[in-house]
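> Output the structure for:
(2 chains)
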Protein chains: 2
Amino acid sequence: MDSSTRPTIQPCVDVVLLTIRNGHLQVLLHQRKKEPSLGGWALPGGYIHPEEDESTEAAALRVLKAKTSIVPPYLEQLRTFSGPRRDPRGWSLTVAYYALVPWAILKAVKGGDFETIPAAGALNLSFDHVEIVKEAVSRLRTKGQYSSLPCYLAGVEFTLPALQVVYEQVLGDALNKAAFRKKIQDMGILEAVVGKTVSSGPNRPAQVYRLKKAFRSKLALLERGV
Amino acid sequence: MDSSTRPTIQPCVDVVLLTIRNGHLQVLLHQRKKEPSLGGWALPGGYIHPEEDESTEAAALRVLKAKTSIVPPYLEQLRTFSGPRRDPRGWSLTVAYYALVPWAILKAVKGGDFETIPAAGALNLSFDHVEIVKEAVSRLRTKGQYSSLPCYLAGVEFTLPALQVVYEQVLGDALNKAAFRKKIQDMGILEAVVGKTVSSGPNRPAQVYRLKKAFRSKLALLERGV
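Take a look at the predicted model:
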């Protein structure tokens, strides 16, 4: 078949935006306002605009900004999903990304047209978005086990108990408090915010930490998993 | 801009086929027979054919088969590369894959219109193919360090000294013989081919091994790197 007569493909991007809300890993969804899958829950996404997007990553950032006003602290390409049956309009291709955003940032967005639901409960989404969410969670789990990646979900400042909840949600498993603290200390990525503590309940106040400046925009890798 | 007036994107696939030839990690290239980049060296690739390809992976397999007659034992999506400047024809998008093929299989192909050159020396290729090759080697290195992945480069049967050369090429580093053998033994993925040895030089004959059946189509993971 000559390329001029070949059916065209309009490539898309979709973003799995993950956050920790109420102590649970959650995914951001919006309700579709048109066909196909009118009223269905879906990932934020859209067509690539070659006239304005410098890359698929730029397209993902544009789409996220349009839907949530947010520029995520962490965005990584997940995988490209494609085929003749994932969208009823015909052969389609989407470059999927995943983003990590602290809930404090998402919460502050006014008028965002979205919801978040537990990632583990995202079982009935439009298109192949269930598969895309599963793969994003799996990637976060693998990569988070060996790096500081989950810190992007913790916010700018956090206590060690709060950070432990984030790692537990990412890994899907309870962690031993002493072993977790040793691992984090061994990574050498955190610094105490001098004089700042948080009180909750009868325990003594918890020290507030933040990522050292050198690690705020890069990952620290662990030789052995958390 | 309305989607009907938007410039179209014709998505492509490209494949970084890696092999170990003469003890070195090499990449398969072909010389372009038309513009753009006429005469330049490039990865095997081509447009997705929605009328026949079930997915981008199927497109990658079709393209590889057309150029080399080979169905690779291992094929994995690498990343999608995109933007307005990577191809002089305009905004383009390619879903890149990497494939691992033992040299014995590539060598047996008759009339293949390709060459292999050391991956580390692939510094002057068409489009952004240098970047794609670099990223494939980096992925192979990371993933190979923690798994049986390099075994796909070793062929169906191999000696331990030959397998060590494969791991050394993948990792880009010399390995201690005793430590390497212990790691491989701990993985529990190999079985001796009874009664089969290979003689080379004055050393005693080397036992021939192969992957156990259960590992021939799946990766074994290592908790700590080789």
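
> quick one, helices of chain A?
Assigned by DSSP state H, chain A shows helices spanning A:56-68, A:103-107, A:129-145, A:160-171, A:177-187.

> Give the buried residues for the shortest one.
In terms of neighbour count (16 or more other Cβ atoms under 10 Å in any protein chain shown), helix A:103-107 has its buried residues at A:103, A:105, A:106. Every residue, glycine included, has its C-beta placed from N, CA and C.

> For the helix or strand of chain A with the lowest mean pLDDT, output the C-alpha coordinates as PDB.
The weakest-scoring helix or strand in chain A, judged by mean pLDDT, DSSP states H and E, is helix A:103-107 (a mean of 91). Extracted in PDB, the C-alpha atoms of helix A:103-107 (Å, rounded to 0.1, in the frame of the first residue of the first chain):
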ATOM      1  CA  TRP A 103      -1.300  15.600  47.200                       C
ATOM      2  CA  ALA A 104      -0.600  19.100  48.800                       C
ATOM      3  CA  ILE A 105       0.000  20.400  45.300                       C
ATOM      4  CA  LEU A 106      -3.000  18.700  43.700                       C
ATOM      5  CA  LYS A 107      -5.300  19.800  46.600                       C
END
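
> quick check, distance from that helix to the centre of its chain.
Here helix A:103-107 is found 12 Å from its chain centre; the criterion is Cα atoms, centre = their mean, to the nearest Å.

> Report the buried residues of stretch A:86-94.
For stretch A:86-94, a neighbour-count test (16+ other Cβ under 10 Å) marks A:86, A:87, A:91, A:92, A:93, A:94 as buried.

> do stretch A:177-190 and chain B meet at all?
No. Stretch A:177-190 is not in contact with chain B by Cβ under 8 Å from any Cβ of the partner chain; minimum separation 14.9 Å.

> Tell me where chain A is predicted with low confidence.
Where chain A drops to pLDDT under 70, the residues are A:1-4, A:110-112.

> residues near residue A:68, how many?
By the criterion of other Cβ atoms under 10 Å in any protein chain shown, residue A:68 has 23 neighbours.

> Could you do the one 10 residues further on as well?
If you count neighbours by other Cβ under 10 Å, residue A:78 ends up with 21.

> One more: residue A:144?
By other Cβ under 10 Å, neighbour count at residue A:144 equals 24.

> For it, give me its contacts.
For residue A:144, the contact set (Cβ atoms under 8 Å, 6 or more residues apart in numbering or on different chains) comprises A:150, A:167, A:170, A:171, A:226.

> follow-up on the earlier one: so for residue B:10, which of the helices of chain A sits nearest?
helix A:56-68 (14.8 Å; Cβ to Cβ).

> Check whether that closest one comes near chain B.
Yes. Judged by Cβ under 8 Å from any Cβ, helix A:56-68 and chain B are in contact via residue A:56.

> Ok, stretch A:35-48 next?
Yes. Contact of stretch A:35-48 with chain B (Cβ under 8 Å from any Cβ) involves A:47, A:48.

> Tell me the span between the first and last residue of that stretch.
End-to-end distance for stretch A:35-48, by Cα to Cα, to the nearest Å: 19 Å.

> Next: stretch A:50-59.
Here the two ends of stretch A:50-59 are set 9 Å apart, with distance taken as Cα to Cα.

> next one: stretch A:139-159
Length of stretch A:139-159, first residue to last, Cα to Cα: 25 Å.

> so residue A:71 touches residue A:63, yeah?
No. Residue A:71 lies out of contact with residue A:63 (Cβ atoms under 8 Å); the separation is 11.9 Å.

> Please identify which of these two sits among more neighbours.
More neighbours surround residue A:63 than the other of residue A:71 and residue A:63, with 23 against 12 (other Cβ under 10 Å).

> That one contacts residue A:15, doesn't it?
Yes. Using Cβ under 8 Å, residue A:63 makes contact with residue A:15 at a distance of 6.4 Å.

> between the two, what contacts are shared?
Contact with both residue A:63 and residue A:15 is made by residues A:44, A:45, according to Cβ under 8 Å, 6+ apart.

> Save the buried residues of helix A:103-107 as a markdown table, and put in distance to chain B too.
Output for those, formatted as a markdown table (distance: Cβ to the nearest Cβ, whole Å):
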| residue | distance to chain B |
| --- | --- |
| A:103 | 29 |
| A:105 | 27 |
| A:106 | 27 |
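
> and chain A, which of its residues are near chain B?
Remark: the part of chain A in contact with chain B comprises A:1, A:3, A:6-11, A:47-51, A:54-56, A:77, A:79-80, A:82-84, A:90-91, A:93, A:95, A:223-225, using Cβ under 8 Å from any Cβ.

> Narrow the residues you listed to those that are buried.
A:9-11, A:47-50, A:55-56, A:77, A:79-80, A:82-83, A:91, A:93, A:95.

> what sits against the residue lying closest to residue A:93 once chain neighbours are set aside?
Once flanking residues are discounted, residue A:93 sits nearest to residue A:82: 4.1 Å by Cβ to Cβ, 6 or more residues apart in numbering or on different chains. Contact partners of residue A:82, counting by Cβ under 8 Å, 6+ apart, are A:91, A:92, A:93, A:94, B:48, B:55, B:56, B:95.

> go on, residue A:15?
Neighbouring residues of residue A:15 by Cβ under 8 Å, 6+ apart: A:43, A:44, A:45, A:60, A:63, A:64, A:75, A:96, A:97, A:98, A:99.

> Tell me the spacing between residue A:148 and residue A:135.
Note on residue A:148: its distance to residue A:135, by Cβ to Cβ, to the nearest Å, is 22 Å.

> ok, back up a step: which of the contacts of residue A:15 fall within strands?
Counted as lying in strands by DSSP state E, out of the contacts of residue A:15, are A:45, A:75, A:96, A:97, A:98, A:99.

> Now for the third one, how many residues are close by?
So that's residue A:96. Per other Cβ under 10 Å, the neighbour tally for residue A:96 reads 26.

> That one - nearest residue in space that isn't next to it in sequence?
residue A:78 (4.4 Å).

> Pretty sure that neighbour sits against residue A:17.
No. Residue A:78 lies out of contact with residue A:17 (Cβ under 8 Å); the separation is 11.8 Å.

> domain parsing for chain A?
Per automatic domain parsing, the structural domains of chain A span A:12-144, A:147-215.

> what's the most buried one of those?
domain A:12-144 (a mean of 18; mean count of other Cβ atoms under 10 Å in any protein chain shown).

> now that one, how far from the chain's geometric center?
Centroid separation for domain A:12-144 versus its chain: 8 Å, with Cα atoms, centre = their mean.
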